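**Q** Using only what follows, build the 3D model:
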Amino acid sequence: MSKPKPVDIDKIDLIRMRDRITDIPGIIEYAHSVGGFSIVPTQEGAIKGQAMKAMEEQTQEQMDQILGQMRTLAVQAKEIQDRVEISHQIYHAEMNFAPVMGGRYFLYKKNNERDVLSLIAPDEWNGEMKFKLCLAKVQLLADHTWKVLIRYSEGEEQ
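**A** Here you go, the predicted model:
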């Protein structure tokens, strides 16, 4: 029997060996035993891979487009909700005239904390304004909802 050769540890490339060792030999791309064969992607695999990539890109683009549409619808729904809220407030306010479609009016808060709709703008009062606070400049729309054109805070334009 011949004597085994001593192993020179300094000559072993441990990084290269680490890249060639696995606990699951079925997943490496080269043969892991003397009688094994290497596994290389076939043309069918490449075609499927490209098709899946294109499919994922297209569906992601469509999902992004739908998300954009949903955001637009959410903004429109919020605008309608805001119109309904101000409309309720105006229809519960004092109103001593019949508003006209497209007309622009001013919503005030009276000293008794009740709201009132007026034809007169805050800067059109001669002398002292007879209401406590101007809340908003509004417009009556054709669907009988009210749109806020300018919202005021503490008597100043926001």
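**Q** Kindly tell me how buried residue 71 is, as a neighbour count.
**A** 10 (other C-beta atoms under 10 Å). Any C-beta I mention is one placed from the backbone N, CA and C, and that applies to glycine too.
**Q** roughly how far out does the helix or strand hosting it sit from the chain middle?
**A** Using DSSP states H and E, the element containing residue 71 is helix 43-91. Its chain's average C-alpha position is 9 Å from that of helix 43-91, according to C-alpha atoms, centre = their mean, to the nearest Å.
**Q** do stretch 136-150 as well
**A** 27 Å.
**Q** Buried residues, that stretch. List them.
**A** Of all the residues in stretch 136-150, those buried under the rule 16 or more other C-beta atoms under 10 Å are 136, 137, 138, 140, 145, 146, 147, 148.
**Q** Quick check: next helix or strand after the helix holding residue 71?
**A** Once helix 43-91 ends, the next helix or strand along the chain (criterion: DSSP H and E) is strand 94-95.
**Q** ok, which pair from the buried residues of stretch 136-150 is furthest apart?
**A** Maximum pairwise distance among the buried residues of stretch 136-150 (C-beta to C-beta): 15.4 Å, between 137 and 145.
**Q** circling back to that earlier point, against which helices or strands is the helix holding residue 71 packed?
**A** strand 104-109, strand 115-118, strand 133-140, strand 146-153 (3 or more C-beta pairs under 8 Å, 6 or more residues apart in numbering; DSSP states H and E).
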